[in-house]
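>>> quick check, what structure comes out for this input:
(2 chains)
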Number of protein chains: 2
Amino acid sequence: METVKIAQIAACEGREVELRGWLYNKRSSGKLHFLQLRDGTGVIQCVVFRDDVPPEIFSRCDHLGQESSLKVQGLVRREARSPIGFELSVRGVEVVQDALGYPISPKEHGIAFLMEQRHLWLRSSRPHAVLKVRAEVLKACRDFMEQGGFTPVDAPIFTPAACEGTTNLFETDYFDQKAYLTQSGQLYMEAAAMAFGKAYCLGPTFRAEKSKTRRHLTEFWMIEPEMAFCELAEDMDVAEGLVFYIVRRILERCQAELAVLERDLTPLQKVAVPFPRISYDEAVGLLREKGSDIEWGQDLGGDDETLLSAGYDAPVLVHRYPAAVKAFYMKGDPQDSRLALCVDMLAPEGYGEIVGGGQREDQLEVLEQKIDAHGLPREAFAWYLDLRRYGSVPHAGFGMGIERVVAWLCGLHHVRETIPFPRTMQHLYP
Amino acid sequence: METVKIAQIAACEGREVELRGWLYNKRSSGKLHFLQLRDGTGVIQCVVFRDDVPPEIFSRCDHLGQESSLKVQGLVRREARSPIGFELSVRGVEVVQDALGYPISPKEHGIAFLMEQRHLWLRSSRPHAVLKVRAEVLKACRDFMEQGGFTPVDAPIFTPAACEGTTNLFETDYFDQKAYLTQSGQLYMEAAAMAFGKAYCLGPTFRAEKSKTRRHLTEFWMIEPEMAFCELAEDMDVAEGLVFYIVRRILERCQAELAVLERDLTPLQKVAVPFPRISYDEAVGLLREKGSDIEWGQDLGGDDETLLSAGYDAPVLVHRYPAAVKAFYMKGDPQDSRLALCVDMLAPEGYGEIVGGGQREDQLEVLEQKIDAHGLPREAFAWYLDLRRYGSVPHAGFGMGIERVVAWLCGLHHVRETIPFPRTMQHLYP
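Sure thing, here's the model as predicted:
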């Protein structure tokens, strides 16, 4: 008998097939068992009628535990009341393993408990839907980059030096040296942009921040595009284009997942280009009007970001922050030396910063001064300075945090649900 | 004037355009400069005729250093002698930055020197070609997996425990615990396969081996598919399918890159399915016939792998090794308790193991015994054991090392050339 996946069941109407999966839920009524079977591609109701199967099989179904693994044979029948339009009239059930005491019952559980059971919780409809959205976001990122002529260039994880001090870095013994886990592939993407014109990396990055907010993970994924012969305005265009492309893609392809998550689609449907662009100066003015006590020169805090983005349907691009609150490699604004040619993108609905980037300092002497002023070791940046010695060009890029984007699109409270095995200050297991 | 990329130059015939890039090479003869300009998408010859440009521009071209960044304006002309079929008749040259003393001249350099200059060496035709092949291999992996119904599920990098002892693991302080950098996402993919049916991860993995061979990196990328309701034979089918798909894809799409690398295509063109499959028993017999002194029970060494694969045009699948030389999670062979239901795939031309995998132990009690027998801490594997408590099914998977596959396809001596910023015992910089 043919073995098929639930996702392909519509093509099997009227045929006898075998399904292989796990018992997601069950109810019984006298002569009938209704087995909800999941196989990773979908969930289908398998109807076991007492007169259709041998008595020992019918009675075994009485006692099957949740998540028992099964092979179920039966006839695929159209059924208007089914969410997938079909159900299975069961002819045979083979129990691969009978699971007893599965810890995640259909009732509500606390998040702390579910996080400890993450290896099992992945089977539930909600995490399943979130991770499908994550997969589609990652694919959309790669597709957008490929269409834009970017070459994927993997950044290294082990780095010999720290961009912004070692406080927030994970350190490891590397034979007889110290190595740090990368916080960002950007510096390496600058080298790649000079080789490929446009390059990007997409991989895990690490921050050892003692932060317990709902926006932080110690291990998170970023996409970091970098472009040669590119200035701030075009950099903002690309960031806007990428985020808009992702939003449209998820609305097109993840309707079922967003429905499982009960995501209100209206805010996502309202996202339109061009995204609003305001300067830091303007942002501070707007925030003060709205009651924030932010002073010019301070970085935007989480509350400021929420307050500011509440005024827009689309993500808002805030550009030209004070140089003092940004990293050493940011290029100064030739119009106002206090400012950096940088940009942050703030997601709507209080999801905060999803993109950070800008134009990079491309003059050797200026960059050397900045490295000294930040107290960083020049020798560790010798290779990075080479990029300004040999064919320096205006260049720009940004990093977009995958988990924050997924949290926003799915409407989740905490980023920890957006990655298969989240790592936070408290969670290193499973 | 329109700014275009060299890759799109054929569509610009007869038009004046601007190109932006770097001076790859140059020669001059009296009234003419021939500037080889690269922009990351290609290389084009820009012909500067003395009478076509202002005298100060012509004389500036006399002294331009290699890798100087330029904006060049000119007319796109068909030219049969050009490798790309076109050249540029230059009307104007704008020097963005004049690079002096670029360390990588067109002459030959030693590999040690080039590795130190990796941030610049990426611009040269050979590394450029290798990394384009790498990008296509990664894309082919993802495409094959998507077509096969696999869900991408990112494995964590930080892990609380070690699969196979801590000797070869990088360790880091994780707040008040120890964490290890992952050697493999497999255990997590087993959890994912029970949730999604078929899952895979593709990301960096780490081994702190004190190994200086040409096949080892401390940081390398692996794709690790895992399938529920899957046994060894089907696992081998999927591994074979993936590798064959990649070979065909590279032959189709990377002709230009393989030509730059002077790769002999014949061995790749000879790769056909089905790949030969032999048991470890048979392999030992063949090796001894060929003069190896391998004894039954020993793992295959690098020389044995080379000797064995020399007998085949396609990669060879060697299955059912002695359980004693394989990891604890391998399922025992019900036909012969000394053996594990595992498989290694050995690439042709001496490239060694590119795939390792097999069927996983799915019985709780047996797995518990194996964990104890290997002296591993049961509590660290509690979550992994849960997968056998709740809906255990026969399942299998494998890991394929990206760098080794790229080295084979490109015909490279050492895997360090196959990753943008290689990390070996000796190399943590740049």
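
>>> can you list the residues of the stretch 151-300 of chain A near chain B?
A:151-160, A:170-175, A:177, A:179, A:181, A:188, A:191-198, A:203-204, A:206, A:208, A:210, A:218-219, A:221, A:228-229 (Cβ under 8 Å from any Cβ of the partner chain). From N, CA and C alone the C-beta is placed, and that goes for glycine too.

>>> helices of the stretch 51-200 of chain A, residue ranges please.
Remark: helices assigned in the stretch 51-200 of chain A by DSSP state H, counting those that start in this stretch are A:55-62, A:111-116, A:118-121, A:125-147, A:186-196.

>>> for the longest one, packing partners?
Under the contact criterion of 3 or more Cβ pairs under 8 Å, 6 or more residues apart in numbering or on different chains; DSSP states H and E, helix A:125-147 touches strand A:198-206, strand A:219-228, helix A:232-253, helix A:255-260, helix A:402-410, helix B:125-147, strand B:151-152, helix B:186-196.

>>> mind checking which of these is nearest B:Ser69?
strand A:219-228 (8.3 Å; Cβ to Cβ).

>>> check which helices and strands that closest one is in contact with.
Right, strand A:219-228 is packed against helix A:125-147, helix A:186-196, strand A:198-206, helix A:232-253, strand A:395-401, helix A:402-410 by 3+ Cβ pairs under 8 Å, 6+ apart.

>>> now those as CSV including mean neighbour count and distance to A:Glu79?
Compiled in CSV, these are given as follows (neighbours: other Cβ atoms under 10 Å in any protein chain shown; distance: least, Cβ to Cβ, whole Å):
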stretch, mean neighbour count, distance to A:Glu79
helix A:125-147, 19, 20
helix A:186-196, 26, 52
strand A:198-206, 25, 42
helix A:232-253, 19, 26
strand A:395-401, 25, 43
helix A:402-410, 25, 30
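
>>> nearest to B:Lys326, out of those?
strand A:198-206 (28.1 Å).

>>> and the closest one, average pLDDT?
Mean pLDDT, strand A:198-206: 98.

>>> ok, now stretch A:408-424?
97.

>>> show me the contacts for A:Thr182.
A:155-159, A:205-206 (Cβ atoms under 8 Å, 6 or more residues apart in numbering or on different chains).

>>> which one of these is nearest chain B?
A:Pro156 (4.0 Å; Cβ to the nearest Cβ).

>>> my guess is the closest one meets A:Tyr188, correct?
Yes - in this structure, A:Pro156 is within contact of A:Tyr188 by Cβ atoms under 8 Å, at 6.5 Å.

>>> give me the common contacts of those two.
In contact with both A:Pro156 and A:Tyr188: B:420-421, using Cβ under 8 Å, 6+ apart.

>>> which parts of the stretch 301-430 of chain A are strands?
With DSSP state E, counting those that start in this stretch as the criterion, the stretch 301-430 of chain A has strands at A:316-319, A:332-333, A:336-340, A:342-347, A:352-359, A:395-401.

>>> mind listing what's buried along the longest strand along chain A?
For chain A, the strand with the greatest residue count under DSSP state E is strand A:16-29. By neighbour count with 16 or more other Cβ atoms under 10 Å in any protein chain shown, strand A:16-29 contains the buried residues A:17-24, A:26.

>>> could you redo these as JSON lines and give each row distance to chain B and pLDDT?
Output for these, formatted as JSON lines (distance: Cβ to the nearest Cβ, whole Å; pLDDT from 0 to 100):
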{"residue": "A:Val17", "distance to chain B": "14", "pLDDT": "98"}
{"residue": "A:Glu18", "distance to chain B": "10", "pLDDT": "98"}
{"residue": "A:Leu19", "distance to chain B": "10", "pLDDT": "98"}
{"residue": "A:Arg20", "distance to chain B": "5", "pLDDT": "98"}
{"residue": "A:Gly21", "distance to chain B": "8", "pLDDT": "98"}
{"residue": "A:Trp22", "distance to chain B": "5", "pLDDT": "98"}
{"residue": "A:Leu23", "distance to chain B": "8", "pLDDT": "98"}
{"residue": "A:Tyr24", "distance to chain B": "10", "pLDDT": "97"}
{"residue": "A:Lys26", "distance to chain B": "13", "pLDDT": "96"}
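
>>> ok, so of these, who is nearest A:Arg404?
A:Tyr24 (30.5 Å).

>>> and that closest one, what does it touch?
A:36-38, A:43, A:66-67, A:123.

>>> which of the contacts of A:Thr182 has the weakest pLDDT?
Lowest pLDDT among the contacts of A:Thr182: A:Thr159, 94.

>>> residue contacts, it?
Counted by Cβ under 8 Å, 6+ apart, A:Thr159 has contacts A:179-182, B:428.

>>> looking at those residues, which are in strands?
A:179-181.

>>> count the neighbours of the closest residue to A:Tyr180 other than its chain neighbours for me.
Nearest-residue entry for A:Tyr180: A:Leu169, 4.4 Å, with adjacent residues in sequence omitted and distances by Cβ to Cβ, 6 or more residues apart in numbering or on different chains. Number of residues near A:Leu169 (other Cβ atoms under 10 Å in any protein chain shown) recorded here: 23.

>>> show the contacting residues for A:Leu169.
A:Leu169 touches A:162, A:180-181, A:183, A:206-208, counting by Cβ under 8 Å, 6+ apart.

>>> now, of the residues you listed, which are buried?
A:162, A:180-181, A:183, A:206-208.

>>> need the residues you listed in CSV with distance to A:Ala272, can you?
Below are the buried ones among the contacts of A:Leu169 laid out as CSV (distance: Cβ to Cβ, whole Å):
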residue, distance to A:Ala272
A:Ala162, 40
A:Tyr180, 41
A:Leu181, 38
A:Gln183, 33
A:Phe206, 35
A:Arg207, 33
A:Ala208, 38
